[in-house]
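Peer 1: Sharing a model that was predicted from the sequence below.
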Amino acid sequence: MGLFFASCSRPSLVGTWVEPAAEDGITGEKGFTLLENGEIKPINMGYAEFKSWEKSGDMVYFKGTYTGTNPHDFVDTMHIVKLDEQQLILEQAGYTVTYQRK
C-alpha cells in the first residue's frame, strides 16, 4: 500500500532549477534555487533580486525587487505548465521558459 501512495506524490518545486546555458557559452546557466522555507536564491538573474516564492494550485509567485535604473518591488505570477522530477515549465502572458533540475 505504501508504494502506491509514494508513486502518486507530486514532485516538489523545492530544489535548483536552471535554464540550459546559452549556445555562445557567455551567459552561463541562469535560474534559481527554491528553499522549503519560501526563500529563493537567484542564479545569474541580472537585475532581479528575488526574496521569496509561494505555490498555490498550479501557480507559483516569485517576489523580489528590481535593482536596475528604476528599482521597484515585483511579484511574478507564473503558471506551472509542467512539473516532474527533471523538468519545470513556467508560462506567463504567452512567454514560456523551461528549466531543468540540477
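Peer 2: Alright, I've got the coordinates.
Peer 1: For residue 4, give me the pLDDT.
Peer 2: What the model reports as pLDDT for residue 4 is 43.
Peer 1: before we move on, what about residue 21?
Peer 2: Looking at residue 21, its pLDDT is 68.
Peer 1: do residue 8 as well
Peer 2: Taking residue 8 on its own, its pLDDT is 55.
Peer 1: list the contacts for residue 56?
Peer 2: Contacts were defined as C-beta atoms under 8 Å, 6 or more residues apart in numbering; by that measure residue 56 touches no other residue. (Glycine included, C-beta is placed from N, CA and C.)
Peer 1: how close does it sit to residue 86?
Peer 2: Remark: distance between residue 56 and residue 86 (C-beta to C-beta, to the nearest Å) = 23 Å.
Peer 1: again, but for residue 63
Peer 2: 26 Å.
Peer 1: so where do the helices sit in the protein?
Peer 2: The residue ranges that make up the helices of the chain, judged by DSSP state H, are 2-8.
Peer 1: Could you pull out the strands in it for me?
Peer 2: Using DSSP state E, the strands found in the chain span residues 15-19, 30-34, 40-43, 48-56, 59-66, 72-83, 87-92, 95-101.
Peer 1: Highest mean neighbour count out of these?
Peer 2: Mean neighbour count (mean count of other C-beta atoms under 10 Å) peaks for strand 30-34 among those, with a mean of 19.
Peer 1: okay, how far is it across stretch 61-72, tip to tip?
Peer 2: Criterion C-alpha to C-alpha, to the nearest Å; first-to-last residue distance in stretch 61-72 is 16 Å.
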